[in-house]
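[1] got a sequence here, can you model it:
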Amino acid sequence: MAVVRILGIDPGTQVVGFGCLEIALADARARDAGVPLALRASNVVRASSVGTGDVRLVAMGVLRLGGRGVELAERLRSLAEQFRALVAQHAPDELAVEQAFHGKSVQAALRIGEARGVVLAEAAAARMAVHQFAPARVKRCVTGHGAAGKDAVAAMIRQFVRIDASQGQELPADATDALAVAWTRVEARRSPLLSIEANQ
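    So this is what the prediction gives:
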């Protein structure tokens, strides 16, 4: 049975969220065996996706790079080192990250873009396949709505990957956002369109 690890990253220049999921490909594909292509689900959240057991949470959390008092170059250096250590520890096969977007603040987008650049460069150095998704697609995949808020995304991610909230610890939004991006890649891998594209 082939197993793929997907590392989702929510980049920033002070805090970077990460979430690593593992998917068993044989199980994911077996569910669609014998089903006509027209009747199979594509890149959408399906009721059967929750609790199927083919996805496992490997790790999640945040990388802390330092506050505004720390020089940006130093924070980016820290990001590179911590990302390398994260990859060495969990050995992901793929990286999932949101596409660049400017939102309301161009300045903030530039800063996030600098962090994205570090992550993309380190992923390339580690020979990881990189998959980028528009923010609206990530929200739509996880919640069904492209304009969903962070709370809605976090609530659905808790259900999908069975994060235990009984201990009362708050999960940083950066971490659940990263898991949401990883989950989007999981759903893309479950899509029968993936095998079609690979054979073209």
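[2] distance check, residue 119 against residue 152.
    According to Cβ to Cβ, to the nearest Å, residue 119 and residue 152 sit 25 Å apart. To be clear about C-beta, it is placed using only N, CA and C from the backbone, and glycine gets the same treatment.
[3] do residue 176 as well
    10 Å.
[4] looking at the two, which is more packed in?
    residue 176 (26 against 15; other Cβ atoms under 10 Å).
[5] can I get stretch 90-110 in CSV, CA atoms only?
    Taking C-alpha atoms only, stretch 90-110 is exported to CSV below (Å, rounded to 0.1, in the frame of the first residue of the first chain):
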residue,chain,number,x,y,z
HIS,A,90,8.7,14.0,9.2
ALA,A,91,10.0,13.2,5.7
PRO,A,92,7.1,14.6,3.7
ASP,A,93,6.7,13.7,0.1
GLU,A,94,4.8,16.8,-1.0
LEU,A,95,4.4,20.4,0.1
ALA,A,96,1.0,22.2,0.0
VAL,A,97,0.9,25.9,0.3
GLU,A,98,-1.5,28.7,-0.6
GLN,A,99,-0.9,30.8,-3.7
ALA,A,100,0.3,34.3,-3.2
PHE,A,101,-2.5,36.9,-2.8
HIS,A,102,-2.5,40.6,-1.7
GLY,A,103,-5.8,40.9,0.2
LYS,A,104,-6.2,44.2,1.9
SER,A,105,-2.5,44.9,2.6
VAL,A,106,0.1,44.9,-0.2
GLN,A,107,2.9,45.3,2.5
ALA,A,108,1.7,42.2,4.4
ALA,A,109,1.5,40.3,1.1
LEU,A,110,5.1,41.2,0.3
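[6] now it: buried residues?
    92, 94-98 (16 or more other Cβ atoms under 10 Å).
[7] please identify the helix or strand for the residue nearest to residue 80 when sequence neighbours are not counted.
    Nearest non-adjacent residue to residue 80, counting by Cβ to Cβ, 6 or more residues apart in numbering: residue 118, 5.3 Å away. Assigned by DSSP states H and E, residue 118 falls within helix 106-125.
[8] what's around the residue nearest to residue 80, how many residues?
    19.
[9] contacting residues for it?
    For residue 118, the contact set (Cβ atoms under 8 Å, 6 or more residues apart in numbering) comprises 11, 76, 79-80, 83.
[10] please repeat the previous calculation with a cut-off of 10 Å.
    Shown in contact with residue 118 (Cβ atoms under 10 Å, 6 or more residues apart in numbering): 11, 13, 16, 75-80, 83.
[11] in helices, which of the residues you listed appear?
    75-80, 83 (DSSP state H).
[12] what about the strands in the chain?
    3-10, 15-24, 55-64, 94-98, 129-133 (DSSP state E).
[13] in a markdown table: the ones you listed, plus distance to residue 159 and mean pLDDT.
    As requested, the strands of the chain are arranged in a markdown table below (distance: least, Cβ to Cβ, whole Å; pLDDT from 0 to 100):
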| stretch | distance to residue 159 | mean pLDDT |
| --- | --- | --- |
| strand 3-10 | 17 | 95 |
| strand 15-24 | 14 | 94 |
| strand 55-64 | 12 | 92 |
| strand 94-98 | 19 | 96 |
| strand 129-133 | 20 | 95 |
